[in-house]
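Visitor: sequence plus predicted model, see below.
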Amino acid sequence: MPDLLDASALLGNVPNVLPQSATTLSSPQDALAVLLHTAMTALSFRLVATDESSPAQEPQSDATPGQLPEGWNNKGPDVYTFRYKHQQSSFTFLLKLVKLSGRVIVHGIAVEDDKTKTFEINTQDYLSTSFFPHDAKSTDRPLVHGYISSSRVTDLVGLFKTAIIQPLLPATSGPASSGQATGNPGASPPRLDRPFVHPYAGGIPRNPLEIGRSDLDPFGGRGGNPFAPPPLFGPAQAGTVTRTRGGMSPTGPWGGDGYLPPMGAPPGARFDPIGPGPLGAGPRGPGRRPFMSGNPDNDEFMPPGMGNNHDMYM
């Protein structure tokens with residue numbers, strides 16, 4: 001797609017937008033104003049007036065696009081005013097240049113939006129003051145010399161595009177002709193669903209030191225051994241930690257109740273952890289202990305040779 005704001009194309013169109021009876025650029029400010037107007041014309045803005053108050057006049061169908069009327073620079077080099085319409089918007093766009101000493105302030109506004117965009121330049125940075133006045137249709141001196149060089153024109157137009165045109169374009173873009181933002185205002189914003197994590201997606205890691213543990217625990221294989229006795233409290237749920245009285249069930253990866261650190265209990269040991277802990281700190285219920293005191297819990301079955309009154313911790 002060709003660049004509508006190409007420096008060479010804009011300079012080539014400058015003589016075409018000037019009135020046929022007045023093609024002379026009297027000052028550097030004239031040259032700056034007509035260049036920016038040419039850029040607006042290249043983007044399909046239609047010139048309807050060269051002041052702020054007169055009635056808008058649509059250009060004739062056979063007229064050169066963007067051609068300026070006579071007297072367009074009557075207030076130059078101090079002030080230049082251009083009023084535009086655009087087919088993609090009902091807004092009126094106003095471009096005004098104001099000379100302040102050796103600088104020019106450029107204002108752009110979508111009138112109904114009432115937001116002003118502004119930038120300023122040093123005239124000598126982009127225009128050769130000694131080149132003017134100049135007849136734009138003269139072939140003695142190329143017009144580009146009045147703008148110092150084509151690269152300076154590119155820089156100037158790029159600044160104009162960033163500071164003025166791009167802020168105005170959102171009001172003129174899109175298929176709607178009202179200049180308002182398109183879309184369904186009542187539509188709900190897209191919902192960002194939380195990622196679903198299955199509660200049983202991952203298993204408990206096994207302790208590598210527990211290899212051979214099932215050889216020491218007579219009921220240690222009942223989870224996957226078809227010949228093992230049935231569980232006392234119904235089938236165990238996969239991925240859960242269960243606990244039976246006596247401490248002989250493989251209730252966790254580390255032995256005991258599954259909450260001890262590595263090597264906290266010898267593999268295969270008949271071991272009840274002391275509390276309070278995560279599995280005993282609740283009221284008595286089916287298959288549960290009362291509140292733990294924090295003291296060791298004796299086994300319910302004494303080793304052979306021990307009397308009923310013998311305390312294994314004495």
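Guide: Nice, thanks for sending it over.
Visitor: can I get stretch 65-83 in CSV? Just the C-alpha atoms.
Guide: Taking Å, rounded to 0.1, in the frame of the first residue of the first chain, the C-alpha atoms of stretch 65-83 are listed here in CSV:
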residue,chain,number,x,y,z
PRO,A,65,-9.2,17.9,-4.3
GLY,A,66,-8.1,20.3,-1.5
GLN,A,67,-7.7,23.3,-3.8
LEU,A,68,-7.5,26.5,-1.6
PRO,A,69,-9.7,29.5,-2.3
GLU,A,70,-8.2,32.9,-3.1
GLY,A,71,-7.4,34.8,0.1
TRP,A,72,-6.5,31.6,2.1
ASN,A,73,-3.4,33.4,3.4
ASN,A,74,-4.8,36.8,4.0
LYS,A,75,-3.9,36.7,7.7
GLY,A,76,-0.5,35.2,7.0
PRO,A,77,2.1,34.9,8.1
ASP,A,78,0.6,35.3,11.6
VAL,A,79,-2.5,33.0,11.5
TYR,A,80,-3.8,30.3,9.2
THR,A,81,-7.1,28.5,9.6
PHE,A,82,-8.4,25.4,7.8
ARG,A,83,-11.7,23.7,8.5
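Visitor: for the record, mean pLDDT for that stretch?
Guide: In this model, stretch 65-83 carries a mean pLDDT of 96.
Visitor: what residue ranges in the stretch 1-150 of the chain are flagged as low confidence?
Guide: Screening the stretch 1-150 of the chain residue by residue with the criterion pLDDT under 70, one finds the ranges 1.
Visitor: residue ranges of the strands in it, please?
Guide: The residue ranges that make up the strands of the stretch 1-150 of the chain, judged by DSSP state E, counting those that start in this stretch, are 24-25, 46-49, 79-86, 89-100, 103-110, 115-122, 134-135.
Visitor: would you turn those into CSV with distance to residue 57 and mean neighbour count?
Guide: (C-beta placed from N, C-alpha, C; glycine too.) As requested, the strands of the stretch 1-150 of the chain are exported to CSV (distance: least, Cβ to Cβ, whole Å; neighbours: other Cβ atoms under 10 Å):
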stretch, distance to residue 57, mean neighbour count
strand 24-25, 24, 20
strand 46-49, 6, 19
strand 79-86, 10, 21
strand 89-100, 13, 19
strand 103-110, 20, 19
strand 115-122, 24, 14
strand 134-135, 27, 18
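Visitor: tabulate those in TSV, adding columns for distance to residue 72.
Guide: Written out in TSV, the entries for the strands of the stretch 1-150 of the chain read as follows (distance: least, Cβ to Cβ, whole Å):
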stretch	distance to residue 72
strand 24-25	11
strand 46-49	9
strand 79-86	8
strand 89-100	12
strand 103-110	16
strand 115-122	20
strand 134-135	16
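Visitor: among those strands, which is nearest residue 3?
Guide: With Cβ to Cβ as the criterion, residue 3 lies closest to strand 79-86 of the strands of the stretch 1-150 of the chain, at 19.4 Å.
Visitor: thinking again about what came up before, out of the strands of the stretch 1-150 of the chain, which comes closest to residue 34?
Guide: Of the strands of the stretch 1-150 of the chain, nearest to residue 34 by Cβ to Cβ is strand 24-25, at 6.7 Å.
Visitor: list of residues touching the closest one?
Guide: 18, 31, 34, 132-136, 146 (Cβ atoms under 8 Å, 6 or more residues apart in numbering).
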